[in-house]
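> based on what follows, work out the 3D shape:
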Amino acid sequence: MLVGLGWCLVCSVAVGAPPLSAGAAKTRITPPLEIPYLTSSGAGTSAPFQSVHDDLFARALVLDDGNQALALLAVDSLGYDDDILGPGRNFTRELRQRIAARTGLQPGAIMLAASHTHSGPETLDLSPLRQTRGAEEWLERHREQLADTVISAWERRTPVRCYSGSIVATGLQRYRRIALKAGGESRRGPIPPASEIATPFQLDETLSVLYFATLDGQPHSVVLNYTAHPVVAMTLPHVSADYPGAASALVEQTLAGSVCLFTNGCAGNINPNQVATNFDDVDAIGRSLGNSALKCVEGLKSAAPLADTRLAVISERVELPGRPSPPLDEAKSPALKARWVRLAEKLAKGPIRAEVQVMAVGPVRWVGLPGEPFVETGLALKQAGATFVVGYANGYIGYLPIRRAYAEGGYEVDFGVWSRVAPGSAEMLQSIGERLLDRASVRRD
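Reported below is the predicted structural model:
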C-alpha cells in the first residue's frame, strides 16, 4: 500500500481473538537543572544543565486481552544502569515491583525502554551522579514518576483496535564507522562510494508503527520504533528529548488525544545524519520521522485491524562475561588510565546480568535488549521473526558490539565503563532472542 511518499506495509491475521483493551498515559519528567547530564564518558564527567529547551516525558502503554496484560514504558532518558540507586538496589526491579503492587501487571510483563537522548540526566552510572547534591532524592522521585505513569495507564484501559505497519524513513541515519580501503574510517558527512569501502555495512531505516484506535475510530496511542542515536543535541547544555521527542510531539499534536511512545532500535553503531549540531536539526529530523509515522498511520486507518490480538510475554536472564580488565587493586595504579579504573570498579561489583524480553500482540513481536546493541543484531532478530527490536531496555550494560567490531576498534569497543562485555556477548543475546521468538510462536499456534 502506497502511503504518501513511502511504502507502508500492513500486518493482519484473520484469526479470532479475545477483545483487546489499552490504556495510555504521559507524565512530564523534566529534571531540575542541577541534575547533571553526561559531558564525557571517556573522562567520566558531567555538568548541570543551563536551561530547558523542551520537556522530557515518560509515556506508558498498557495492553490487556483478558488473559494476559503487559506494559511498555518509553522514557525520554539516556538509559538506566540498575546500580544507580546505590549498593544492594536495582532500578528496574524496584520500578517493576512498585507497578505490580498497584496493578494487575506481573513484574516480568513490564518493559522499561529509554530513548537514549544524550540531553537528559546522566543515569548510566558513567559518572558519579549520586555525589551531586539532591540527586539521590531526585532518583527516588523519578522512579515514582515512572511507576505512576504505568499505573495511570492501567487505570485508563478501554477497548481498542490495533493496527501494525511500517514505512521506510531514508536519509536520517548513518553508520558510525565505515572502514575505508585506503585506511582509516569515514565517520561523518556523505557516505563514501562503495568502491572506497573496505567492509560492507547495513542500515535499518524501517520505522515500525503500532497504532491503536478506540472502537469509535478516535486515535488512542501510537508506538514508534526507529534506529538512530539521539545525539543531535549532544553536548548542548539544555534539557531536550532530541529528535525522538520532536517526532512524538508532532504525532500527538496531529492525532489529538493520542499518546505516542518512541522506542529506539539497535543503534549502538548508528548515528543520525547530524551529530552535536543544533536544535534546528533536532526539529528537522523529528519532523521528518513524525511525518513518516503519520503517513503510515493514515494508511493503517483504511486497513483491517489485527484480528489476532492475543498477548504474550516471555523473557530470559543470562550472565554475560566481562571483558578482560586488571584486578581492582592493580587498576588503581597511577600508570593506568582513569577510565580503566572505572571499568575495573564496575566489573568488581559482580556479574553482568542481562535480560532478553519478547512481547507480542498477535503476530506482532518485539524484542527488548539491554544496553546498546549494534544494528546487525537488530537485523538478525528481525530476520528471525521480530517485528521490531527495542534497545536500551530493562537496564544498561554498555555497548553490545558484534564480534568483528572488537578487532576493528573504535570508541564502542574501547576499554571503559561503556564497553564492559566480552566478545561474543551480543551473539549470546541474539541467540536467546531467536529462541524466545520461536517459543512465542509455538505458544501462539
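> what about the closest residue to Arg130 other than its chain neighbours, how many neighbours?
Once flanking residues are discounted, Arg130 sits nearest to Glu136: 5.5 Å by Cβ to Cβ, 6 or more residues apart in numbering. Every C-beta, even on glycine, is put in place using the N, C-alpha and C of the backbone. Per other Cβ atoms under 10 Å, the neighbour tally for Glu136 reads 14.
> which SS class is Glu136?
For Glu136, the secondary structure call by DSSP: H, G, I helix; E, B strand; the rest coil comes out as helix.
> repeat for the one 10 residues further on
Taking three-state DSSP as the rule, one finds Leu146 in the helix state.
> contact partners for it?
With Cβ atoms under 8 Å, 6 or more residues apart in numbering as the criterion, the residues that contact Leu146 are Thr27, Ile29, Ala58, Leu73, Val75, Leu95, Leu112.
> just read off the phi/psi values of Gln173.
When quoted as degrees, to the nearest 10, the phi and psi of Gln173 stand at phi -140, psi 170.
> quick check: it vs Thr117, distance?
Counting by Cβ to Cβ, to the nearest Å, the gap between Gln173 and Thr117 amounts to 16 Å.
> tell me where the stretch 251-400 of the chain has helices.
Across the stretch 251-400 of the chain, reading from the start of the chain, the helices by DSSP state H, counting those that start in this stretch fall at 279-301, 328-331, 338-348, 375-383.
> show residues contacting the helix or strand Ala179 falls within.
Using DSSP states H and E, Ala179 sits within strand 178-179. Here strand 178-179 makes contact (Cβ under 8 Å, 6+ apart) with Glu185, Ser186, Arg187, Ile191, Pro192, Ile197, Ala198, Thr199, Phe201, Glu408.
> how about Val421: what's its closest non-neighbour residue?
When the adjacent residues along the chain are set aside, Val421 lies closest to Leu320, with 5.0 Å between them (Cβ to Cβ, 6+ apart).
> Gln173 and Thr117: which is more packed in?
Neighbours were counted for Gln173 and for Thr117 using other Cβ under 10 Å; Thr117 has more, 30 against 22.
> next up, the contacts around that one.
For Thr117, the contacting residues are Leu56, Asp76, Ser77, Leu78, Pro230, Ala233, Ser240, Ala241, Asp242, Pro244, Gly245, by Cβ under 8 Å, 6+ apart.
> ok, back up a step: thinking the residue nearest to Val421 is in contact with Glu427, fair?
No - contact status for Leu320 versus Glu427: not in contact, 10.7 Å apart, counting by Cβ atoms under 8 Å.
> of those two, who's got more company?
With other Cβ under 10 Å as the criterion, Leu320 and Glu427 differ in neighbour count, and Leu320 comes out ahead with 21 against 15.
> where's Cys296 relative to Val222, distance?
Relative to Val222, Cys296 is positioned 9 Å away (criterion: Cβ to Cβ).
> quick check: neighbours shared by those two?
When Cβ under 8 Å, 6+ apart defines a contact, the residues bordering Cys296 and Val222 alike are Val209, Tyr211.
> tally of neighbours for Ala386?
A count of neighbours around Ala386, defined by other Cβ under 10 Å, yields 24.
> need the contact list for it.
Taking Cβ under 8 Å, 6+ apart as the definition of contact, the neighbours of Ala386 are Val358, Arg365, Trp366, Val367, Gly433, Leu437.
> would you list the buried entries among these?
Buried by 16 or more other Cβ atoms under 10 Å: Val358, Arg365, Trp366, Val367, Gly433, Leu437, out of the contacts of Ala386.
> now His142: which helix or strand?
Per DSSP H and E, His142 falls inside helix 135-155.
> so how far is that helix off the chain centroid?
Helix 135-155 has its average C-alpha position 18 Å from the chain's average C-alpha position, going by Cα atoms, centre = their mean, to the nearest Å.
> can you name the next helix or strand after it?
Secondary structure here is assigned by DSSP H and E; on that basis, the next helix or strand after helix 135-155 toward the C-terminus is strand 158-168.
> which stretches of the chain have low pLDDT?
Counting by pLDDT under 70, the low-confidence segments of the chain come to 1-18, 326-328, 330-336, 442-445.
> ok, the closest residue to Ser288 other than its chain neighbours - contacts?
In space, Ser288 comes closest to Leu172 once its chain neighbours are excluded; the distance is 6.2 Å by Cβ to Cβ, 6+ apart. With contacts defined as Cβ under 8 Å, 6+ apart, the neighbours of Leu172 are Glu205, Ala228, Pro272, Asn273, Ile285, Ser288, Leu289.
> from Leu95, how far out is Ile151?
For Ile151, the distance to Leu95 - Cβ to Cβ - is 11 Å.
> cool, and Ile352?
For Ile352, the distance to Leu95 equals 20 Å [Cβ to Cβ].
> which of these two has more neighbours?
Using other Cβ under 10 Å, the more surrounded residue of Ile352 and Leu95 is Leu95, with 24 against 21.
> quick check: that one is in a helix.
Yes - counting by three-state DSSP, Leu95 falls inside a helix.
> hmm, Thr149 and it touching each other?
No - in terms of Cβ under 8 Å, Leu95 does not count as a neighbour of Thr149; the distance is 10.4 Å.
> list phi and psi for Ser221.
Main-chain dihedrals, Ser221, degrees, to the nearest 10: phi -160, psi 160.
> give me the neighbour count for it.
The tally of other residues near Ser221 (other Cβ under 10 Å) stands at 31.
> list the contacts for the closest residue to it other than its chain neighbours?
Here the nearest residue to Ser221 in space, its sequence neighbours aside, is Ala24; by Cβ to Cβ, 6+ apart that works out to 4.1 Å. Each residue near Ala24 by Cβ under 8 Å, 6+ apart is listed here: Arg59, Ala60, Leu61, Val62, Ala153, Arg156, Phe212, His220, Ser221, Ser258, Val259.
> at 6 Å instead, please
Ala24 sits next to Leu61, Ala153, Ser221, Val259 when contact means Cβ atoms under 6 Å, 6 or more residues apart in numbering.
> can I assume it sits in a helix?
No - according to three-state DSSP, the state of Ala24 is strand, so it is not within a helix.
> how about the nearest residue to Leu70, chain neighbours excluded?
Closest residue to Leu70 in three dimensions, ignoring its sequence neighbours and counting by Cβ to Cβ, 6+ apart: Ala109, at 4.5 Å.
> isn't the one you found right up against Val313?
Yes - applying Cβ atoms under 6 Å, one finds Ala109 in contact with Val313, separated by 4.6 Å.
> who touches both of the two?
Contact with both Ala109 and Val313 is made by residues Leu70, according to Cβ under 6 Å, 6+ apart.
> and these two? Which one has more around it.
Taking other Cβ under 10 Å, Ala109 and Val313 do not tie; Ala109 has more neighbours (24 against 19).
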